[in-house]
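*Asks:* Everything below, folded, please.
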Amino acid sequence: MKIIQTPGLKIYSWCNDPEDGTIEQAFNLAQLPFAHHHIALMPDTHQGYGMPIGGVLAAEGVIIPNAVGVDIGCGMLACRTSLNEISRDMIKKIMGEIRGNIPVGFKHRDEPQDIDYPPGNASISIEEYESARRQAGTLGGGNHFIEIQAGSDGFIWFMIHSGSRNIGKKVCDHYNKTAKQLKSRKFSIPEKWDLAYLPADSEIGCQYIAEMEYCQKFAAENRNKMSDIIIQIFSEVFSPLKLTFDPVYNVHHNYARLEHHFGKKVWVHRKGAISARLRETGIIPGSQGTKSYIVKGLGNADSFESCSHGAGRRMGRKEAQRTLVLGDEIKYMEKKGIIHGMRSVKDLDEAAGAYKNIDVVMKEQSDLTEITLELIPLGVIKG
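*Replies:* Just a heads-up that it's a prediction; the model follows:
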């Protein structure tokens, strides 16, 4: 970790080479009058909207919708099967069944799913409830994925990366707009920073917190529903063999939570970061061509007990499509024996070459988290 001095709070960075845009956004965070103690940047950090992805902000008495982001509750699920090996033909068969049973991209389900109704003060979630019922158990697009993996423990695993789908975006957009229009402001924040805040104890602040927490619950249930489907597919494909599935880890990486750090209760905003309390289990995915990890937190106070949520992008989507070579990226995946879906230039936005080196990321945060298991990709479905 290195310390970056600013006119405001210090920035503690576990990323040795952050891009200029990331540092500029971190400097903005450090000037916030309600920011507490310091700003933390994880080793996967890169520029986001308002706040860097892979950033951690502790705020006194306020909550910032854009410091949580649009995919509230986005996160990872990992499940171990009782299989010790799996053939390429079986992987292809399972992946085909997954594609036929789990909608990806903008696709929704034909039939509404059973999900909990939002709390009474969650107006946006209530408006979106019926649409959300058809999005439960769907993958979404962008960097969301489903992987079949070989674990260093000798077992076959599967992993899911997905979030709250459109309901999280609707909640973020509504409350970010509301925060910008708020008349009774104690602090003046430059509009261009895109870090409008809500007092956490105000009526509107409490409404956002209720909706944010509901979106986290929805996101976790979304991953659980996909997991149930994948478990059923594995079981049917390998019938009459009786498989077991355990353990299931389900971890958020876009959220805010009230915690105690450096002598005060603060709202810790983790935007592309996971909680890494002492001995807490976490999931850190690499790119689709590299390892992922199950980890245990080390409870490092300087990171607000956090660590990275993945490898982190090293180039934007459009840049990746312009500069990466499709043939080279396909050869890389095939050399590793990974079954993938890269077919055209538009798929390069999620190519392995668009992401940072996960080995470097893990080395940079060796004081934040301990690796307990390595997971090697065998087959990848991208959203």
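
*Asks:* For this structure, just list every one of the helices.
*Replies:* Counting by DSSP state H, the chain forms helices over residues 20-31, 65-68, 88-101, 123-127, 129-135, 165-181, 203-237, 317-323, 326-335, 358-364, given from the N-terminal end onward.

*Asks:* tell me what the second one is packed against?
*Replies:* Under the contact definition 3 or more CB pairs under 8 Å, 6 or more residues apart in numbering; DSSP states H and E, helix 65-68 sits against strand 53-59, helix 165-181, helix 203-237, strand 254-261, strand 264-271. Where C-beta positions appear, they are placed from N, C-alpha and C, glycine not excepted.

*Asks:* winner for burial among those?
*Replies:* Mean neighbour count (mean count of other CB atoms under 10 Å) peaks for strand 53-59 among the helices and strands packed on helix 65-68, with a mean of 27.

*Asks:* Tell me which of the helices and strands packed on helix 65-68 lies nearest to M342.
*Replies:* Of all these, helix 203-237 sits nearest to M342, with 21.5 Å by CB to CB.

*Asks:* can you state the direction angle for that closest one and helix 165-181?
*Replies:* With axes from the mean of the first three to the mean of the last three CA atoms, to 10 degrees as the criterion, the two stretches helix 203-237 and helix 165-181 enclose an angle of 170 degrees.

*Asks:* would you turn the helices and strands packed on helix 65-68 into a markdown table with distance to H46 and mean pLDDT?
*Replies:* As requested, those are exported to a markdown table (distance: least, CB to CB, whole Å; pLDDT from 0 to 100):
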| stretch | distance to H46 | mean pLDDT |
| --- | --- | --- |
| strand 53-59 | 5 | 98 |
| helix 165-181 | 19 | 97 |
| helix 203-237 | 22 | 98 |
| strand 254-261 | 14 | 98 |
| strand 264-271 | 11 | 98 |
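
*Asks:* what about those, which gets the closest to Q113?
*Replies:* helix 203-237 (6.5 Å).

*Asks:* H253 against G312, yeah?
*Replies:* No - with contacts counted by CB atoms under 8 Å, H253 stays clear of G312, the gap being 11.5 Å.

*Asks:* which of those two has more neighbours?
*Replies:* Between H253 and G312, counted using other CB atoms under 10 Å, the more crowded position is H253 (30 against 24).

*Asks:* Let's see the pLDDT reported for the more buried one.
*Replies:* With respect to pLDDT, H253 scores 96.

*Asks:* same check, this time on the one 10 residues further on
*Replies:* pLDDT, the model's per-residue confidence, is 97 for G263.

*Asks:* Just give me the neighbour total for it.
*Replies:* Look at G263: counted by other CB under 10 Å, it has 8 neighbours.

*Asks:* Repeat that for Y249.
*Replies:* By other CB under 10 Å, 15 other residues sit near Y249.

*Asks:* now I284
*Replies:* Counted with other CB under 10 Å, the neighbours of I284 add up to 28.

*Asks:* pretty sure it is touching K296, no?
*Replies:* No - using CB under 8 Å, I284 makes no contact with K296, being 11.3 Å away.

*Asks:* shared neighbours, the two?
*Replies:* Applying CB atoms under 8 Å, 6 or more residues apart in numbering, one finds that I284 and K296 are jointly contacted by T369.

*Asks:* chain center to the lowest-mean-pLDDT helix or strand in the chain, what's the gap?
*Replies:* In the chain, the helix or strand scored least confidently by mean pLDDT, DSSP states H and E is strand 245-252, which has a mean of 93. Taking CA atoms, centre = their mean, to the nearest Å, one finds strand 245-252 lying 15 Å from the centre of the chain it belongs to.

*Asks:* Equivalent analysis for stretch 160-171, please.
*Replies:* Using CA atoms, centre = their mean, we find the averaged C-alpha position of stretch 160-171 to lie 10 Å away from the chain's own average C-alpha position.

*Asks:* and it, how far apart are its ends?
*Replies:* End-to-end distance for stretch 160-171: 23 Å, by CA to CA, to the nearest Å.

*Asks:* what sits up against it?
*Replies:* Defining contact as CB under 8 Å, 6+ apart, one finds that stretch 160-171 is touched by 65, 70-78, 124-125, 127-128, 131-132, 135, 138-140, 143-146, 208, 211-212, 215-216, 218-219, 222-223, 226-227, 230, 254, 285, 383.

*Asks:* if we go to 7 Å?
*Replies:* For stretch 160-171, the surrounding residues in contact (CB atoms under 7 Å, 6 or more residues apart in numbering) are 70-77, 124-125, 128, 131-132, 135, 138-140, 143-146, 211-212, 215, 218-219, 222-223, 226-227, 254, 285.

*Asks:* cool, stretch 76-94 as well?
*Replies:* With CB under 7 Å, 6+ apart as the criterion, stretch 76-94 contacts 148, 151, 154-161, 223, 227, 233-234, 237, 243-251, 283, 285, 294, 339, 378-379.

*Asks:* try stretch 274-287
*Replies:* Counting by CB under 7 Å, 6+ apart, residues outside stretch 274-287 touching it are 76, 78, 159, 161, 249, 251, 253, 292-299, 303, 305-311, 352, 355, 358, 368-369.

*Asks:* Need the mean per-residue confidence for that stretch.
*Replies:* Averaging pLDDT along stretch 274-287 yields 97.

*Asks:* shift numbering so it begins at 31
*Replies:* I'll keep to 31 as the first residue from here, and by that count the last item is stretch 304-317.

*Asks:* Any buried residues in it, and which?
*Replies:* Of the residues in stretch 304-317, those buried by neighbour count under the rule 16 or more other CB atoms under 10 Å are 304-306, 310-317.

*Asks:* Give me the pLDDT value at H191.
*Replies:* At H191, the predicted lDDT confidence score is 98.

*Asks:* All set, thanks.
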